[in-house]
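[1] Okay, predicted coordinates and the sequence, questions at the end:
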Amino acid sequence: MSTVELSPTDLRNREKSRGSLVLGFGLLVAVTFTLLSLFVLLARIFTQAIPAFRERGTDFITDTIGSEPGISGIWPGLFGSFGIGVGVLLLAVPLGLAAAIYLEEYAKPTRFNRFVIVNIRNLAGVPAVIYGVLGLIIFVGWLRPITNGGSVIAAALTLSVLVLPVIIITGMEAIRSVPTGIREAGYGVGATRWEVTRDHVVPYAMPGILTGTVLALSRALGEAAPLIMIGAITGLLPETSLTGKFTAIPMLIYNWSGRPDSAGGAIGWSNSAAAAGLVLLVLVIAFNLTGVLLRQKFEKKRVGT
Amino acid sequence: MRAVLGGAAMVTVVISALILFVLFRGAIDFFRSIGWDFGILVDDSAAPGWFPRRERFDLLTIVLGSIVMGLLAMIVAVPLGLGTAVYLSEYAPPRVRRIVKPAVEVLAGIPSVIVGYFALKFIAPNIVDPIFSPDQPRNMLVAGMAIGVLVVPIMASICEDALRAVPMSLREASFGVGARKSTTTVRVVLPAAVSGIVAAFIIATSRAIGETMVAAMAGGRDGSGPRVLSPLEPGLTMTAAMTNAAGGTDQVKAGAPFQVLFFVGLLLFVLTMSLNMIADRVVRKYRQKY
């Protein structure tokens, strides 16, 4: 029986075979294109947004929507998006957290509870536009006495429903990762289930819960399809009231992107759209950073206790 | 407290029930408006198309639109997403991984309306126009490519999870019998992760078909159009047909042209839900237990 001796150089050369090179090259190309698409997208938004900010300055933020890009601002959109964000924080986050706590800490593994969890996972995969249909009938139609039709309140409710599954799923994962010992220590000193949950499990799971909250908030702020369905207006005359006709930043980007850039004015609608997009991205990134900071704060606390 | 928390969990069941109720009720209203004439849903005229205002509802037009754009999206998303996942899981040095992984997460967080802008202002004029010079700047290829960019992170992250779940011992065994890294990746790691990769493909397809904003902004049709197959033609997806039926504040929200959105919504709901369930089944059935 003969043996083949392989020197380290041989081994290295083996990695240089054609198949290896093709695979390695292919993977690099794929990664490069993925990164490139992100980079080009951000660069495009940035370079197109700069002229709008240079021309309009802070007026772009504080002005209402006008008939020309040169006089148009995003204030009503900011108002609408702010209302949606507050609605999600006040409604979807507590509701989702409560559901996550129930399913992880209280619910017994019955058939029905398993069905509830499967149902939540399915809801997470339902296209956003379908939540828009739901909002149109329930929140704009049935609950008109409360929402006054297609208002910021209706939008906040619709998007709260849309992000609820995300909050529950991330919340459940966070709660599941809390070590059992934490709970047992609580029960050991005679605490009730709710006391253990409130004082020990939820604080310990806070970093994960915050991640879910930030994710949900970012998603809610960026969605446009449900807003179209519930009748957010795209043109002039949105109001900055809770019950009036409203618009939001994604709606402005949608509408302004579709308008032709007429010659003349220093900036076109595409600049305004990019600038609104930049504001949206900055908002989302700011939320993510806040989430990271809060998470670190809670994680430090966790180590301390 | 238990009752309050349990009530919160039940809200999700109520939401599902309401979605089904709203879609079914609206779809029935639609069928009542067209007098239960199902023939209207298959346009066999010489120039078939989706023209809701003229009460012409050729389903094939919008279903084909969704399929063509979904396919184009997956042609972009599979190589980029799977390639990125394999690179991150098998090849990337930790230092590179620390840059690429967050970048993919940032891409996942980009709102679809911004990707729609990117489609209109970059993909159309800078990529599709110079290469294919289509008749219309907005067409199914532009929208499909942009939807592809949108689902790359979904594809990449689910595939990467699947690849990382493959135990190290399998790779070590492969290296131990003298296999190259590329052989190990292609012959050992990928087959072991195949259920996750298939699931990723199905979930990404479901997302691509459910994507609304990019299709509405870059697809090139405002609510009506003829049945087309060529990617270089403007096309209409099910989702875009829905937003168009709902849009327009001055329009009376009644009658078949409006009600059809519930029927299309029901179809879309069933379609995406089936895909998601198949993905779930694939993972459960073919997952290797190590």
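    Alright, I've got the coordinates.
[2] so where's the stretch 201-305 of chain A uncertain?
    A:234-239, A:263-264, A:303-305 (pLDDT under 70).
[3] Pick out the residue in it sitting closest to chain B.
    Nearest to chain B, among the residues of the stretch 201-305 of chain A, is A:Gly222, at 2.7 Å (Cβ to the nearest Cβ). From N, CA and C alone the C-beta is placed, and that goes for glycine too.
[4] Distance check, that residue against A:Gly258.
    Note on A:Gly222: its distance to A:Gly258, by Cβ to Cβ, to the nearest Å, is 18 Å.
[5] between these two, which one's more packed in?
    Between A:Gly222 and A:Gly258, A:Gly222 has the larger neighbour count (other Cβ atoms under 10 Å in any protein chain shown), namely 26 against 19.
[6] mind listing what that one touches?
    The neighbourhood of A:Gly222, defined by Cβ atoms under 8 Å, 6 or more residues apart in numbering or on different chains, consists of A:250, A:280, A:284, B:109-114.
[7] Once you drop chain neighbours, what's closest to B:Phe175?
    Among residues not flanking B:Phe175 along the chain, B:Thr184 sits closest, at 6.3 Å (Cβ to Cβ, 6 or more residues apart in numbering or on different chains).
[8] should've said A:Leu89
    A:Leu217 (7.0 Å).
[9] now swap in A:Gly265 and tell me
    Of all residues not flanking A:Gly265 in the chain, A:Gly70 sits nearest, at 4.5 Å (Cβ to Cβ, 6+ apart).
[10] Isn't the one you found up against A:Ser262?
    No - the pair A:Gly70 and A:Ser262 fails to qualify as a contact (Cβ atoms under 8 Å) at a distance of 10.6 Å.
[11] more neighbours, these two?
    Using other Cβ under 10 Å, the more surrounded residue of A:Gly70 and A:Ser262 is A:Gly70, with 16 against 10.
[12] secondary structure class for the more buried one?
    Three-state assignment for A:Gly70 (DSSP: H, G, I helix; E, B strand; the rest coil): helix.
[13] How about the one 3 residues further on?
    On the three-state scheme (three-state DSSP), A:Gly73 is labelled coil.
[14] mind listing what A:Glu105 touches?
    Counting by Cβ under 8 Å, 6+ apart, A:Glu105 makes contact with A:175, A:193, A:197, A:201.
[15] For B:Ile131, see how far away the closest residue to the third one other than its chain neighbours is.
    What it means is A:Thr197. Nearest non-adjacent residue to A:Thr197, counting by Cβ to Cβ, 6+ apart: A:Glu105, 5.3 Å away. Applying Cβ to Cβ, the value for A:Glu105 to B:Ile131 is 56 Å.
[16] now the helices: where do they sit in the stretch 1-150 of chain B?
    For the stretch 1-150 of chain B, the helices defined by DSSP state H, counting those that start in this stretch cover B:2-33, B:59-86, B:94-109, B:112-118, B:129-132, B:140-164.
[17] What parts of the stretch 151-290 of chain B come near chain A?
    Residues of the stretch 151-290 of chain B lying near chain A by Cβ under 8 Å from any Cβ of the partner chain: B:152, B:156, B:180-183, B:185-186, B:203, B:206, B:209-213, B:216-217, B:239, B:242-243, B:246-247, B:249, B:261-262, B:265, B:268-269, B:272-273, B:276-277, B:280.
[18] Which of the residues you listed fall within helices?
    Filtering those for membership in helices, criterion DSSP state H, returns B:152, B:156, B:181-183, B:203, B:206, B:209-210, B:213, B:216-217, B:239, B:242-243, B:246, B:261-262, B:265, B:268-269, B:272-273, B:276-277, B:280.
[19] And B:Thr174, how close does it get to B:Met168?
    For residue B:174 the amino acid is Ser, not Thr. Counting by Cβ to Cβ, the gap from B:Ser174 to B:Met168 is 11 Å.
[20] residues near the residue of the stretch 151-290 of chain B found nearest chain A, how many?
    Nearest residue of the stretch 151-290 of chain B to chain A: B:Gly210, at 2.9 Å (Cβ to the nearest Cβ). B:Gly210: 27 surrounding residues under other Cβ under 10 Å.
[21] For B:Ile99, see how far away the residue minimising distance to the centre of chain B is.
    Per Cα atoms, centre = their mean, the C-alpha nearest to the average position across chain B is that of B:Ala208, at 1.2 Å. According to Cβ to Cβ, B:Ala208 and B:Ile99 sit 27 Å apart.
[22] same deal with B:Leu107?
    Taking Cβ to Cβ, one finds B:Leu107 at 13 Å from B:Ile99.
[23] of the two, who's got more company?
    Between B:Leu107 and B:Ile99, B:Leu107 has the larger neighbour count (other Cβ under 10 Å), namely 22 against 10.
[24] Relative to B:Ala193, how far out is that one?
    In terms of Cβ to Cβ, B:Leu107 sits 22 Å off from B:Ala193.
[25] do the same with A:Thr247
    Taking Cβ to Cβ, one finds A:Thr247 at 45 Å from B:Ala193.
[26] Those two - which one has more neighbours?
    The residue with more neighbours, out of A:Thr247 and B:Ala193, is A:Thr247; 29 against 24, by other Cβ under 10 Å.
[27] Quick check, that one in contact with A:Ala232.
    Yes - using Cβ under 8 Å, A:Thr247 is in contact with A:Ala232, at 5.4 Å.
[28] Overlap in contacts, the two.
    With Cβ under 8 Å, 6+ apart as the test, A:Thr247 and A:Ala232 both reach A:Gly80.
[29] so after the helix ranked longest in chain A, what's the next helix or strand?
    Longest helix in chain A, counting residues (DSSP H): helix A:18-56. Going down the chain from helix A:18-56, the next helix or strand is helix A:59-62, by DSSP states H and E.
[30] Identify the residues contacting that next one?
    So helix A:59-62 is in contact with A:52-53, A:72-75, A:78, A:272, A:275, A:279, going by Cβ under 8 Å, 6+ apart.
[31] Show me what the following helix or strand past that helix packs onto, helices and strands only.
    The element immediately downstream of helix A:59-62 (helix or strand, assigned by DSSP H and E) is helix A:75-87. For helix A:75-87, the elements it packs on are helix A:59-62, helix A:152-176, helix A:202-222, helix A:249-257, helix A:269-304, judged by 3 or more Cβ pairs under 8 Å, 6 or more residues apart in numbering or on different chains; DSSP states H and E.
[32] For A:Pro94, which of the ones you listed is the nearest?
    helix A:152-176 (9.3 Å; Cβ to Cβ).
[33] do stretch B:130-140 and chain A meet at all?
    No - applying Cβ under 8 Å from any Cβ, one finds stretch B:130-140 separated from chain A by no less than 9.2 Å.
[34] residues making contact with that stretch?
    B:65, B:68-69, B:72, B:120, B:124-125, B:128-129, B:141, B:217-220, B:228, B:230-235.
[35] And for stretch A:114-121?
    Counting by Cβ under 8 Å, 6+ apart, A:99, A:103, A:107, A:165, A:168-169, A:172, B:9-10, B:12-13, B:16, B:280 sit against stretch A:114-121.
[36] Kindly export it (C-alpha atoms) in PDB.
    Extracted in PDB, the C-alpha atoms of stretch A:114-121 (Å, rounded to 0.1, in the frame of the first residue of the first chain):
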ATOM      1  CA  ARG A 114     -49.900  26.200  20.100                       C
ATOM      2  CA  PHE A 115     -52.400  27.400  17.500                       C
ATOM      3  CA  VAL A 116     -52.100  30.900  18.900                       C
ATOM      4  CA  ILE A 117     -48.400  30.900  18.500                       C
ATOM      5  CA  VAL A 118     -48.500  29.400  14.900                       C
ATOM      6  CA  ASN A 119     -51.100  32.100  14.100                       C
ATOM      7  CA  ILE A 120     -48.800  34.900  15.300                       C
ATOM      8  CA  ARG A 121     -46.000  33.500  13.100                       C
END
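[37] and that stretch, what's its mean pLDDT?
    Stretch A:114-121 comes out with an average pLDDT of 94.
[38] Quick check: buried residues in it?
    Residues of stretch A:114-121 classed as buried: A:116-117, A:119-120 (neighbour count, 16 or more other Cβ atoms under 10 Å in any protein chain shown).
[39] Fine by me, we can end here.
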